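Q: Based on what follows, work out the 3D shape:
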Amino acid sequence: MANQAIIATKAAQVNELEKKISSSKSIVFVDYRGYTVDQDTELRNNFRKAGVEYAVIKNGITQRAAAKAGIDDSVNEFLKGPTAIAFGLNDAVAPAKILKEFIKKSKKGEIKGGVVDGKVQNASSIDALAELPPREVLIARILGSMNAPITKLAVALNAIKEKMESSESAAE
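A: Model prediction:
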């Protein structure tokens with residue numbers, strides 16, 4: 001009977017993790033070896049402030065949950081050795097940014113890879129994601145780019161109008 005209870009518990013863990021994987025905008029896998037308790041606490045606090053969930057889950061359970069969520073099985077290469085998982089539930093970039101900054105500061109740990117919008121990404125792709133400017137900055141840049149041609153058109157039309165007015169006043 002104990003085996004049935006263990007199997008049921010693991011099945012529940014897989015189901016819960018599958019839901020979290022499916023609802024996350026991004027997932028980052030990190031090798032957390034070498035972190036002190038203070039460093040781990042600092043990292044968890046940084047994640048909490050950004051709305052990122054962070055957990056250490058058995059690799060086998062993660063593999064089953066990822067498969068159940070429809071994630072490509074190439075994610076299994078990240079699930080070797082000690083692995084912690086950061087779930088970006090609201091912001092796809094936050095887990096990567098926080099981890100990259102933390103690893104740079106502590107000189108410990110390593111990003112193994114991740115999943116963004118259901119697609120498996122290697123460590124360099126996650127690193128590139130961490131380099132993106134904040135969402136608000138990207139939106140401002142796009143709006144600025146869209147606004148520039150309209151502004152140039154308005155300036156040109158105004159110059160034409162002023163030239164025509166000056167020609168008319170010179171003719172009088």
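Q: which helix is the longest one in the chain?
A: Ranked by number of residues, the top helix in the chain under DSSP state H is helix 135-171.
Q: what's the neighbour count on Val30?
A: 28 (other C-beta atoms under 10 Å). Glycine gets a C-beta too; all of them are placed from N, C-alpha and C.
Q: looking at this structure, which helix or strand is least sure?
A: The weakest-scoring helix or strand in the chain, judged by mean pLDDT, DSSP states H and E, is helix 135-171 (a mean of 73).
Q: need the helices for this protein, in chain order.
A: 2-23, 37-50, 59-68, 94-106, 123-131, 135-171.
Q: what's the last one packed up against?
A: Contact partners of helix 135-171 among helices and strands, from 3 or more C-beta pairs under 8 Å, 6 or more residues apart in numbering; DSSP states H and E: none.
Q: related to what we said a few turns ago, now tabulate the helices of the chain in TSV and tack on distance to Phe78 and mean neighbour count.
A: Below are the helices of the chain laid out as TSV (distance: least, C-beta to C-beta, whole Å; neighbours: other C-beta atoms under 10 Å):
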stretch	distance to Phe78	mean neighbour count
helix 2-23	13	13
helix 37-50	18	14
helix 59-68	9	18
helix 94-106	13	20
helix 123-131	9	16
helix 135-171	26	10
